[in-house]
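Visitor: Coordinates for the following, if possible.
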Amino acid sequence: PEGAKALAEALRTNTTLTEINLTCNGIGPEGAKALVETLQLNIKLTTINFGCNGIGDEGAKALAEALRTNTTLTKINLANNNIGLEGIKALAEALQMNTKLTTIDLGYNNIGDGGAEALAKALHTNTNKLTTIGMKHNGIGPEGAKALAEALRTNTTLTEINLTCNGIGPEGAKALVETLQLNIKLTTINFGCNGIGDEGAKALAEALRTNTTLTKINLANNNIGLEGIKALAEALQMNTKLTTIDLGYNNIGDGGAEALAKALH
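Guide: Purely as a prediction, here's the structure:
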């Protein structure tokens, strides 16, 4: 915290620094508060990385307060900071007012369904400029996925969403991919390690038949078997936009490989 306070003091008057990376330093809530207070004075910083610093809800709330008025920051990494529902709600409310931030990484925190619902509300307003949001490893289940799906129906800024390892399951996957028929901005989705299974894969396949914006999809480690792979392979024969798909750690087998080969052929 003391080192963070010293840096904060310098940032009050510095006019050249645009990016600062303090990943995994242990600045804690106290250090985070000192640093984010400078955001009301510093008009140069565009990128801050506070990942893995244990800033918790208190640090997140302090940053949220600064984001309400800051007009320079475009990228923030808050991954692995033990931020829970209280902190996420504060950040979500700030995002409804902030018009500059384009990228936020909230991976490896404790968002849960409640936090996902709060963030969905922020995405639904379309007042922010967020293009990329990372929420991997956050305990988001089907209900949280449904809330995000509802927001994506009308969101016009987000191009990339990362929900790796959250347990959204087939139900959450179905809700999210249904929005792909309405959302015309998303280009990259990461559903890896979410147990979407064949049902989720088939729902995605149906959406891919007509979607014209997605270029990258990660479906690794999802317990997808032959039935799901066949559906995806058939969709790939019709889809003309997708350039990258990760199907690693599933149950493709020879039958699935043959189906994919037909799509590639």
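Visitor: How confident was the prediction at the residue nearest the centre of the chain?
Guide: Geometric centre of the chain, nearest residue: residue 134, 2.3 Å, by Cα atoms, centre = their mean. Residue 134 carries a pLDDT value of 98.
Visitor: who touches it in this structure?
Guide: Residues near residue 134 by Cβ atoms under 8 Å, 6 or more residues apart in numbering: 79, 104, 105, 106, 107, 162. All C-beta atoms are positioned from the backbone trio N, CA, C, and that covers glycine.
Visitor: State the helix or strand in which the second one lies.
Guide: In this structure, residue 104 is located in strand 103-105 according to DSSP states H and E.
Visitor: in that strand, what's buried?
Guide: 103, 104, 105 (16 or more other Cβ atoms under 10 Å).
Visitor: again, but for stretch 231-249
Guide: For stretch 231-249, by 16+ other Cβ under 10 Å, it's 231, 232, 233, 234, 235, 236, 239, 242, 245, 247.
Visitor: hang on, residue 109 packs against residue 139?
Guide: No. With contact defined as Cβ atoms under 8 Å, residue 109 does not reach residue 139; the gap is 9.0 Å.
Visitor: Among these two, which residue is more densely surrounded?
Guide: Legend: neighbour count by other Cβ atoms under 10 Å for residue 109 and residue 139, higher for residue 109 (26 against 17).
Visitor: ok, now how distant is the more buried one from residue 83?
Guide: Going from residue 109 to residue 83 by Cβ to Cβ, to the nearest Å gives 4 Å.
Visitor: now residue 62
Guide: 12 Å.
Visitor: and what of residue 199?
Guide: 32 Å.
Visitor: go on, residue 105?
Guide: 11 Å.
Visitor: just residue 256 next, same as before
Guide: Taken as Cβ to Cβ, the span from residue 256 to residue 83 is 39 Å.
Visitor: more crowded one of the two?
Guide: residue 83 (28 against 21).
Visitor: For the more buried one, give me the pLDDT.
Guide: At residue 83, pLDDT is 98.
Visitor: Can you name the next helix or strand after the helix or strand encompassing residue 120?
Guide: For residue 120, the host element (DSSP H and E) is helix 112-125. As assigned by DSSP H and E, the chain's next helix or strand after helix 112-125 is strand 132-134.
Visitor: Tell me the gap between that next one and the middle of its chain.
Guide: 3 Å (Cα atoms, centre = their mean, to the nearest Å).
Visitor: just the helices in this protein please.
Guide: Here the chain has its helices, by DSSP state H, at 2-11, 28-37, 56-67, 85-95, 112-125, 142-152, 169-178, 197-208, 226-236, 253-264.
Visitor: now the ones you listed in JSON lines, with distance to residue 50?
Guide: Compiled in JSON lines, the helices of the chain are given as follows (distance: least, Cβ to Cβ, whole Å):
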{"stretch": "helix 2-11", "distance to residue 50": "10"}
{"stretch": "helix 28-37", "distance to residue 50": "6"}
{"stretch": "helix 56-67", "distance to residue 50": "8"}
{"stretch": "helix 85-95", "distance to residue 50": "12"}
{"stretch": "helix 112-125", "distance to residue 50": "18"}
{"stretch": "helix 142-152", "distance to residue 50": "23"}
{"stretch": "helix 169-178", "distance to residue 50": "28"}
{"stretch": "helix 197-208", "distance to residue 50": "33"}
{"stretch": "helix 226-236", "distance to residue 50": "38"}
{"stretch": "helix 253-264", "distance to residue 50": "41"}
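Visitor: For residue 48, find the nearest of the ones you listed.
Guide: When these are compared by Cβ to Cβ, helix 28-37 sits nearest residue 48, at 7.7 Å.
Visitor: what about that closest one, average pLDDT?
Guide: Looking at helix 28-37 alone, the average pLDDT works out to 97.
Visitor: just how off-centre is that helix within its chain?
Guide: 24 Å.
Visitor: do the same with stretch 97-117
Guide: Per Cα atoms, centre = their mean, the centroid offset for stretch 97-117 relative to its chain is 7 Å.
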